[in-house]
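**Student:** Task: produce atomic coordinates for the following.
(one chain, ligands or ions: 1)
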Amino acid sequence: MILTYNKISVAGSALVFAWLLNTTVALGQTNVPQLGKSTVKEVIAAMTLEEKAMMVIGGGRDAAPSAFTDGSMVGNTSFRIPGAAGVTNAIPRLGIPAMVLADGPAGVRMDVRRKNDDHKYFATAFPAGNTLASTWNPDVVKRIGEAFGNEVKEFGADIILAPGVNIHRNPLGGRNFEYYSEDPVLTGEIAAAIINGIQSNGVGTSIKHFAANNQEANRAGVNAHISERALREIYLKGFEIAIKKSSPWTVMSSYNLLNGTHTSERKDLLTTILRNEWNFKGYVMSDWGGKATNWVEQVKAGNDMIMPGNNKQIQRIISAVKHDSLDVKTLNTSVESVLNIIMRSPSFSAYKFSNNPDLKAHAKVSREAATEGMVLLKNEKESLPIKNKQAKVALFGNISYALIAGGWGSGDVNKAYTISLAKGLNNAGYTLDKELSDPYQQYNSNYRNWNKELLITDELIEKKAAECDVAILTIGRNSGETKDRDLDYDYYLKPTELSLIERTAEAFHRKNKKLVVVLNLCGPIDTKGWREKADAILLAWQPGMEAGDAIADLLSGKVTPSGKLPDTFADNYNDIASSANFPGLPYDNPSDVIHQEDIYVGYRYFDTWKVKPAYEFGYGLSYTTFGFSPLKVSSSVVKDNLKVSLTVTNTGNVAGKEVVQLYLSAPGEIINKPVQELKAFCKTNLLQPGQSQVVTFNLPVNVFASFDNNQNAWVAEAGAHTLKAGSSSRQIKQTVEVTIPKTILTQKVNSVLHPQTPIEVIKPK
Ligand code: BGC
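**Tutor:** A predicted model of the protein is given here:
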């Protein structure tokens with residue numbers, strides 16, 4: 001054992017060697033408490049101060065598996081996943097193993113290559129977060145989680161640094177693809193589903209980034225000024241729903257400051273709200289190497305582990321305890337939270353991982369979720385599906401030949417392949433025009449530059465319009481960590497893209513043929529400048545490695561589209577409420593971002609201010625149609641729990657699924673309210689033509705409440721409340737009115753998270 005220690009590089013310092021000496025002495029002791037055999041309290045009582053400090057500081061960048069050679073981490077934790085994001089420290093004498101923490105939300109992020117090993121280690125690249133949210137189907141997302149968690153376990157990790165649940169405050173947010181939606185209810189339900197799926201394997205998750213990390217511009221230094229109400233109703237709500245419904249093992253605090261203080265140093269956020277109000281039982285870790293450097297304050301706040309960890313931090317904790325600025329009892333509390341999670345980890349039970357998960361089976365689930373997450377935005381005169389398998393397809397756009405599976409940064413996954421749309425269409429039986437596909441394939445293999453469209457001449461387009469049956473054209477967008485998207489060249493289409501759409505549309509329409517546009521996007525784009533020209537538009541988002549097959553499943557009609565938008569697509573960028581103050585000031589490197597739009601994020605703004613979007617929240621077409629029966633309620637007076645139900649019938653000609661979206665319009669006498677808010681949703685099973693399904697919602701009274709800053713309480717106002725069932729936020733099919741006779745204060749909470757100075761928020765008239 002001592003020999004193994006010679007190779008360690010944990011926090012790589014004199015301190016560690018001093019610790020090892022102590023350890024050597026301790027190894028000779030008898031009756032040393034062992035984690036799992038003794039109680040956690042006994043183990044903590046047996047710990048030296050150094051050991052306690054090592055439990056709240058990560059294993060260090062030097063110990064990050066990529067830097068490992070051979071040999072093992074303390075406690076014989078081998079360097080299981082090169083490329084994993086981090087490790088926790090081990091204390092072998094107390095039976096405490098190290099854990100491995102890997103990114104990220106779309107699959108296990110690890111290096112493909114390992115030392116002295118010819119095998120290539122690939123993981124499944126599942127659909128990106130916003131694609132999963134677009135399924136509006138917690139069941140399919142849970143199955144993604146089950147497959148994902150199996151890979152976490154079989155590749156030897158303990159905790160996956162996912163899901164990311166920050167709200168899509170603005171479409172330019174660089175990491176929106178990792179997150180779910182502009183709405184907290186959709187976010188929270190989808191997050192709970194994936195966490196439950198992942199953790200059913202006996203591995204952990206880290207729901208992140210807590211909280212209000214809604215931009216990449218100066219992400220570690222920007223101070224987000226947000227009202228208590230907007231925090232409670234919008235930015236914390238998704239976390240709250242997910243944490244209460246799925247108990248993630250860990251929470252990752254965010255880089256940004258919130259109302260003046262880094263979130264990792266906010267006790268009101270990490271202890272008062274997270275633990276005391278929400279009953280969170282796991283541990284909190286910081287995001288990697290943020291700018292918050294008051295590590296002692298972090299431990300005091302309840303940020304139990306600082307990642308990725310270094311020796312200086314260990315020393316700082318030790319010195320704080322020795323010099324009385326950190327009560328050892330506070331440190332013990334964090335150590336206890338960490339140990340309780342370690343005991344649940346595969347590392348603790350010395351799980352023999354296979355490095356060989358069933359990637360084929362997981363690809364199947366991934367394809368299914370990808371098809372459910374794609375949104376049919378337009379389908380004039382039933383342009384889709386392309387029923388004729390003999391159809392000759394003119395496939396335009398670089399991206400058609402090199403689809404984007406997911407975004408970059410820690411949310412990227414090293415995958416064995418991404419099925420292109422060209423391949424997907426071929427697999428589905430269609431013939432591609434070679435005079436187009438050859439130069440595109442050639443161009444992509446030479447440049448791999450999705451950012452620059454191959455120039456196609458007017459003559460070639462005319463020729464293809466004469467020879468082919470249909471045109472399919474793909475537009476792609478990618479983004480990732482550290483950078484928000486650019487308005488001019490990313491949100492808006494580039495001149496070359498607009499020209500390609502325009503020329504293709506004109507040529508094909510002259511021949512009475514259709515143009516189908518496929519959008520392979522990380523987030524919303526402008527559609528105003530071009531959408532009229534397309535006959536059909538399929539939003540494929542970033543659908544993971546099965547991309548091309550999944551898109552072809554929908555284009556061919558093998559699967560009926562059932563995805564719905566998790567975000568509003570604005571008609572004008574300036575219509576988006578946050579456009580006035582995103583990403584804050586100064587513009588180039590914002591130090592402050594003031595959330596003047598308050599709770600009016602996404603559709604809450606568009607609907608209340610009556611601004612017409614290009615495509616509304618919850619929107620998505622199908623190849624079939626659905627009828628909703630009138631809503632039935634268990635009582636017309638809301639007391640505690642209201643049961644709401646309706647019957648959905650497939651009234652069209654092909655099998656399909658529908659999402660029933662339940663919105664609430666509440667009175668706004670005490671505080672202003674959005675015109676409507678999503679309160680619940682349900683995706684039906686696959687309904688055959690003529691088939692019906694009863695959908696039931698149980699609404700506890702707190703669903704009717706909004707957060708009143710003045711009372712620090714959730715309040716359900718007296719008066720008439722209208723429940724609206726729709727197939728989108730603007731296609732409301734049935735409504736029913738219920739009454740709350742007397743205002744109910746549903747929950748009084750702690751008075752915390754106050755803005756530094758009052759925020760001038762917008763209010764409807
Ligand atoms: C990201 C986290 C990620 C961590 C570890 C950070 O830069 O913000 O989402 O989990 O790195 O890779």
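
**Student:** alpha carbons only for contacts and neighbour counts from here, please
**Tutor:** Fine.

**Student:** residues contacting whatever residue of the stretch 601-750 of the chain ends up closest to the ligand?
**Tutor:** Here the stretch 601-750 of the chain gets closest to the ligand at one residue, V601, 22.8 Å apart by Cα to the nearest ligand atom. Contact analysis of V601 by Cα atoms under 8 Å, 6 or more residues apart in numbering lists 169, 182, 577-578.

**Student:** can you do 7 Å?
**Tutor:** Taking Cα atoms under 7 Å, 6 or more residues apart in numbering, we find V601 in contact with 169, 182, 577.

**Student:** What parts of the protein come near the ligand?
**Tutor:** Counting by Cα under 6 Å from any ligand atom, the chain comes close to the ligand at 85, 103, 161, 287-288, 410.

**Student:** could you redo the last one with a cut-off of 5 Å?
**Tutor:** 85, 288 (Cα under 5 Å from any ligand atom).

**Student:** In the chain, which residue is most central in space?
**Tutor:** Y179 (2.8 Å; Cα atoms, centre = their mean).

**Student:** so how many other residues sit close to the closest residue to the ligand within the stretch 251-400 of the chain?
**Tutor:** Residue of the stretch 251-400 of the chain nearest the ligand, by Cα to the nearest ligand atom: W288 (4.9 Å). For W288, the neighbour count with other Cα atoms under 10 Å is 18.

**Student:** In contact with H362, which residues?
**Tutor:** 124, 147.

**Student:** if you set the cut-off to 6 Å instead, what comes out?
**Tutor:** H362 is in contact with A147, counting by Cα atoms under 6 Å, 6 or more residues apart in numbering.

**Student:** tell me the pLDDT at it?
**Tutor:** The pLDDT attached to H362 in the predicted structure is 98.

**Student:** which secondary structure element contains it?
**Tutor:** helix 359-373 (DSSP states H and E).

**Student:** Same check on T746?
**Tutor:** Going by DSSP H and E, T746 is in strand 744-748.

**Student:** What backbone torsions are found at the residue of the stretch 251-400 of the chain closest to the ligand?
**Tutor:** Torsion angles at W288 (phi, psi; degrees, to the nearest 10) stand at phi -70, psi 110.

**Student:** Would you agree the residue nearest to the centre of the chain falls within a helix?
**Tutor:** No - under the criterion used here (DSSP: H, G, I helix; E, B strand; the rest coil), Y179 is coil, not part of a helix.

**Student:** Hmm, it is touching A162, no?
**Tutor:** No - counting by Cα atoms under 6 Å, Y179 stays clear of A162, with 9.7 Å between them.

**Student:** Now do the strands in the stretch 651-765 of the chain.
**Tutor:** 659-665, 677-683, 692-700, 706-708, 713-716, 719-726, 732-740, 744-748 (DSSP state E, counting those that start in this stretch).

**Student:** Which residues does stretch 492-511 contact?
**Tutor:** Outside stretch 492-511, the residues within contact range by Cα under 6 Å, 6+ apart are 462, 465, 515, 526, 533.

**Student:** buried set for it?
**Tutor:** Using 16 or more other Cα atoms under 10 Å as the burial criterion, the residues of stretch 492-511 that qualify are 492-493, 497, 500-509.

**Student:** And that stretch, how far out from the chain middle?
**Tutor:** 33 Å (Cα atoms, centre = their mean, to the nearest Å).

**Student:** what's the answer for stretch 85-96, then?
**Tutor:** The answer for stretch 85-96 is 29 Å, by Cα atoms, centre = their mean.

**Student:** Can you show me the helices along the stretch 301-450 of the chain?
**Tutor:** Here the stretch 301-450 of the chain has its helices, by DSSP state H, counting those that start in this stretch, at 311-322, 328-342, 359-373, 421-427, 434-447.

**Student:** Deepest-packed of those, please.
**Tutor:** Comparing the helices of the stretch 301-450 of the chain by mean neighbour count (mean count of other Cα atoms under 10 Å), helix 359-373 ranks first with a mean of 22.

**Student:** Mind putting the strands of the stretch 651-765 of the chain into a markdown table with mean neighbour count and mean pLDDT?
**Tutor:** Output for those, formatted as a markdown table (neighbours: other Cα atoms under 10 Å; pLDDT from 0 to 100):
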| stretch | mean neighbour count | mean pLDDT |
| --- | --- | --- |
| strand 659-665 | 23 | 99 |
| strand 677-683 | 20 | 98 |
| strand 692-700 | 16 | 98 |
| strand 706-708 | 22 | 98 |
| strand 713-716 | 23 | 98 |
| strand 719-726 | 21 | 98 |
| strand 732-740 | 17 | 98 |
| strand 744-748 | 16 | 98 |
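
**Student:** And the strands in the stretch 501-650 of the chain, which stretches?
**Tutor:** 514-520, 536-539, 592-594, 626-628, 632-633, 641-650.

**Student:** what about T261, how many residues close to it?
**Tutor:** By the measure other Cα under 10 Å, the count of residues near T261 is 15.

**Student:** For it, what are phi and psi?
**Tutor:** The phi/psi pair for T261 (degrees, to the nearest 10) is phi -130, psi 140.

**Student:** Quick check: the gap between it and D469.
**Tutor:** 60 Å (Cα to Cα, to the nearest Å).

**Student:** Which secondary structure state is assigned to A84?
**Tutor:** Under three-state DSSP, the three-state class of A84 is coil.

**Student:** contacting residues for the closest residue to it other than its chain neighbours?
**Tutor:** Among residues not flanking A84 along the chain, A102 sits closest, at 4.5 Å (Cα to Cα, 6 or more residues apart in numbering). A102 makes contact with 84-85, 160-161 under the criterion Cα under 6 Å, 6+ apart.
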